[in-house]
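**Student:** Pasting the sequence and the predicted model now:
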Amino acid sequence: MNRINVYLKAKDDLEKLANKQDVDISKYYKPGFEKIYGDGINHYFYLFCGHDSDRQYMGNIVKFYNDSSNTQEILSDILYGFDPKKTTKNYTNVDNLIDKLKEEYPNKIENEKKWNEYLTGIYQCAVFLSNGKIGGKELTFDHNHLLKEPENIEEFKKYLYDLRYIKNNIAGVGPAVCYNWLKECGAIWLAKPDLHIKRVVAELLKTNNTSNDHDKSMADKVIQKYINNHREEMRFPELKGIKKNSRLTCDEYVALYMWEWAKEIREKGFDKDCSAYKLDRVLYLFCTNGHFYLDDNSNNEISEDKLLDIISE
């Protein structure tokens, strides 16, 4: 099945399930987290603290989203209501921040190594949001550089290259955390290259989708093989600030694929509101058994295997 029909089928099945469970699916299709700490960089900082805690092995330590934990309350206290400018003004370095947490909440830290790694990333993000520069690169939200939709593939690639400054200069942040954070801040041109999305993209890249035997462990290899066979298409544009002969990584290509897929859906008139963000949510919710995380509902009528079977039809 071609990728437009895959999207339409997945979206239709997902929305039928949502309607069956009295879930308002529209709120999942665009960033809509409650702006607890207002608009602007305080909101972005709050979101970063959450997304950075949600990566592998960190969630059970920081417990940012755990209802029984007081992590958000504690972080709000030592980060001045998630204000990055006040944070960097009152802590000259990350060690000061770590010492403050230990002093005010001595029983909070159970895994000091992981907490130090987490707070290092938090402090580096606060510096970035405060001065609009990272790794010597000016990269701000204020002028919509990060939130503006790229106009063409070359501009999209340039945006991805710029995001390397974030990934390379904030501790513990890889493509999944970086892209997921930015898309929830409003960069709806981005999708998160998580395992589910990679497996879907890999299945679509296969030349023969006639088998229902889906080897999910091969997704990265399938995508990397495609990249290796299309090396010229994977080049970044030759612009100032971009290292010569740089090429897209596997995660970057997945983000590009998702953007092009959503763009195709819009331009051919199948869904004028389809963005990489919306496409990401449809596929993610389908792959996670209709886990409507804002409503805490799930159902096994849909699944990743069923989505991969749709692609193989």
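**Tutor:** All right, it came through fine. Residues are numbered from 1 along each chain as shown.

**Student:** Next, count neighbours for Q21.
**Tutor:** Using other CB atoms under 10 Å, Q21 has 14 other residues around it. The C-beta positions use only the backbone N, C-alpha and C, and glycine is treated the same way.

**Student:** And it, how close does it get to T288?
**Tutor:** Noted for Q21: a distance of 14 Å to T288, by CB to CB, to the nearest Å.

**Student:** Excluding chain neighbours, give the residue nearest to the residue nearest to the spatial centre of the chain in space.
**Tutor:** By CA atoms, centre = their mean, the chain has its centre lying nearest to N180, at 1.4 Å. Leaving aside its chain neighbours, N180 sits nearest to K192 (4.1 Å; criterion: CB to CB, 6 or more residues apart in numbering).

**Student:** what's the one you found in contact with, if anything?
**Tutor:** 176, 179-180, 183, 280, 284 (CB atoms under 8 Å, 6 or more residues apart in numbering).

**Student:** Tell me which residue of the protein is positioned farthest from its centroid.
**Tutor:** Most peripheral residue of the chain (CA atoms, centre = their mean): E103, 33.1 Å.

**Student:** Check the gap between it and K268 for me.
**Tutor:** For E103 relative to K268 (CB to CB), the value is 59 Å.

**Student:** now swap in K306 and tell me
**Tutor:** Taken as CB to CB, the span from K306 to K268 is 25 Å.

**Student:** With neighbour numbers in mind, choose between the two.
**Tutor:** Higher neighbour count among K306 and K268: K306, with 15 against 9, using other CB under 10 Å.

**Student:** Give the residue spans of the stretch 201-313 of the chain that score low on pLDDT.
**Tutor:** Residues of the stretch 201-313 of the chain that meet the criterion pLDDT under 70 lie in 207-216.

**Student:** Which residue ranges of the chain form strands?
**Tutor:** 133-134, 137-138 (DSSP state E).

**Student:** Buried deepest among these, which one?
**Tutor:** Compared across the strands of the chain, strand 133-134 shows the largest average neighbour count, a mean of 18 (mean count of other CB atoms under 10 Å).

**Student:** And that strand, what does it pack against?
**Tutor:** helix 153-169 (3 or more CB pairs under 8 Å, 6 or more residues apart in numbering; DSSP states H and E).

**Student:** any idea how far the helix it packs on is from the chain center?
**Tutor:** 14 Å (CA atoms, centre = their mean, to the nearest Å).

**Student:** again with stretch 47-63
**Tutor:** For stretch 47-63, the distance to the chain centre is 13 Å (CA atoms, centre = their mean).

**Student:** What is the longest helix of this protein by residue count?
**Tutor:** helix 112-131 (DSSP state H).

**Student:** Put the alpha carbons of it into PDB.
**Tutor:** Output of helix 112-131 as PDB, limited to C-alpha atoms (Å, rounded to 0.1, in the frame of the first residue of the first chain):
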ATOM      1  CA  GLU A 112      23.600  10.800  42.000                       C
ATOM      2  CA  LYS A 113      25.300  10.000  38.700                       C
ATOM      3  CA  LYS A 114      22.100  10.100  36.800                       C
ATOM      4  CA  TRP A 115      20.800  13.200  38.600                       C
ATOM      5  CA  ASN A 116      24.100  15.000  37.800                       C
ATOM      6  CA  GLU A 117      23.700  14.100  34.100                       C
ATOM      7  CA  TYR A 118      20.100  15.200  34.100                       C
ATOM      8  CA  LEU A 119      20.800  18.600  35.800                       C
ATOM      9  CA  THR A 120      23.800  19.200  33.600                       C
ATOM     10  CA  GLY A 121      21.500  19.000  30.500                       C
ATOM     11  CA  ILE A 122      18.900  21.200  32.300                       C
ATOM     12  CA  TYR A 123      21.500  23.900  33.100                       C
ATOM     13  CA  GLN A 124      22.900  23.900  29.500                       C
ATOM     14  CA  CYS A 125      19.400  24.200  28.100                       C
ATOM     15  CA  ALA A 126      18.700  27.200  30.500                       C
ATOM     16  CA  VAL A 127      21.900  28.900  29.200                       C
ATOM     17  CA  PHE A 128      20.700  28.300  25.600                       C
ATOM     18  CA  LEU A 129      17.200  29.600  26.200                       C
ATOM     19  CA  SER A 130      18.600  32.600  28.100                       C
ATOM     20  CA  ASN A 131      21.000  33.900  25.500                       C
END
